[in-house]
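> Kindly return the folded structure for what I paste below:
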Amino acid sequence: MYPRLLAALLLAAASLAAAERRNVLLIAGRQSHAPGEHEHNAGVLLLAKCLREGAADRVDVDVALNGQWPSADRVDKAHTILIYSDGGGGHPALPHLDHLSRRMAAGAGLVALHYAVEPAYACENWDGKTRPPAPERSSKGRGAKEFKEWLGGYFEQHWSVNPHWYADFKQLPDHPISRGVTPFGSQDEWYFHMRFKDKMEGVTPILSAVAGPDTMKRGDGAHSGNPEVRASVARGDAQVVAWAVQRADGGRGFGFTGGHFHKNWGVDAQRTVVLNAILWTAKAEVPAGGVPSKVTEEDLKANLDKKR
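Just a heads-up that it's a prediction; the model follows:
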């Protein structure tokens, strides 16, 4: 009698634990850039490894590689979807905006890393050279209004910029994504001056740093500079390079503009921010000390794309 009762209780506990785990879908874009840069496959596989080792009791991890969009049932199963890929007109999410819209409306989370925070061109019928009028920039790009809502902000051409610079993150907010993360800095292609939701509604800056004048040494262009961002840098404004949003539909989003250099996944604090954000957007409890993970030199060398 008692062994049967104990077995039943253990089975119920195991079923409850399985039900509490959240499903995480990590999508890697196609091969891009030089060796060690935009290593989408290796980066996604490294994050998956860390989640399976440090958060196996909280999330189940699914991975899609090489720019292959996962099947509808895999997307429907996900409590949060991470995209680490190139962006612009070739963003892998653009053909699937309708499906993603249904998932976001159902409360799913979204995480975009590096170039994936730029959903599309600035506006329809844009020639790619001249600066579109301000109303066009924020309202008509494919995926722009969706990413503004789902992520809380996005990279908008002729408004946002993508310089390489050392960002020194001296303070972090009191937020589940910052658990276990101490102030740090890293050299990366940190995009900034995002197009955020009006009045930053529901948006919490996670990583912010003051960008130096060297970030504005390029001329004006779709990604390099514009009068508004130059004025912001001149004022010494703190530039938000990673942020979280709690959406009105109950879903959560996280944008992270670093990730150009694969080696930076070896920076413990930088990696922990992203791992925590994956759990938070999936509505899994983030550990008090953050998601534990360890990355070796061998881990960083694994799964790199074979690039010339």
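> So which elements touch the helix or strand hosting P205?
Using DSSP states H and E, the element containing P205 is strand 203-210. Applying 3 or more C-beta pairs under 8 Å, 6 or more residues apart in numbering; DSSP states H and E, one finds that strand 203-210 contacts strand 165-169, strand 238-246, helix 268-281. The C-beta positions use only the backbone N, C-alpha and C, and glycine is treated the same way.
> Mean neighbour count and distance to D73 for these - can I get that in JSON lines?
Below are the helices and strands packed on strand 203-210 laid out as JSON lines (neighbours: other C-beta atoms under 10 Å; distance: least, C-beta to C-beta, whole Å):
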{"stretch": "strand 165-169", "mean neighbour count": "18", "distance to D73": "39"}
{"stretch": "strand 238-246", "mean neighbour count": "23", "distance to D73": "27"}
{"stretch": "helix 268-281", "mean neighbour count": "24", "distance to D73": "20"}
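> for the ones you listed, which one sits closest to R103?
helix 268-281 (12.1 Å; C-beta to C-beta).
> so what does the helix or strand just after the closest one touch, helix or strand wise?
The first helix or strand that comes after helix 268-281 along the chain, using DSSP H and E, is helix 297-301. Packed against helix 297-301 by the contact rule (3+ C-beta pairs under 8 Å, 6+ apart) you find helix 40-54.
> Show residues contacting the helix it packs on.
Outside helix 40-54, the residues that touch it by C-beta atoms under 8 Å, 6 or more residues apart in numbering are 24, 26-32, 59, 61, 63, 65-67, 82, 84-86, 113, 259, 262, 265, 271, 274-275, 278, 291-295, 299-300, 302-305.
> Now list the buried members of these.
Restricting the contacts of helix 40-54 to buried positions leaves 24, 26-30, 32, 59, 61, 63, 65, 67, 82, 84-86, 113, 259, 262, 265, 271, 274-275, 278, 291, 293, 295, 299-300, 303, 305, with burial counted as 16 or more other C-beta atoms under 10 Å.
> How about the strand holding P205, which residues are buried there?
203-209.
> And for stretch 37-47?
38-47.
> Dump these to a markdown table, plus pLDDT.
Output for these, formatted as a markdown table (pLDDT from 0 to 100):
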| residue | pLDDT |
| --- | --- |
| H38 | 98 |
| E39 | 98 |
| H40 | 98 |
| N41 | 98 |
| A42 | 98 |
| G43 | 98 |
| V44 | 98 |
| L45 | 98 |
| L46 | 98 |
| L47 | 98 |
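> where along the stretch 101-250 of the chain do the strands fall?
All strands of the stretch 101-250 of the chain, identified by DSSP state E, counting those that start in this stretch, fall at 109-113, 153-154, 165-169, 184-188, 195-196, 203-210, 238-246.
> still on that earlier bit, I'd like to know which of the buried residues of stretch 37-47 is nearest to V229.
After measuring the buried residues of stretch 37-47 against V229 - C-beta to C-beta - the closest member comes out as H38, at 23.1 Å.
> do you know which of the strands of the stretch 101-250 of the chain lies nearest M216?
strand 165-169 (10.1 Å).
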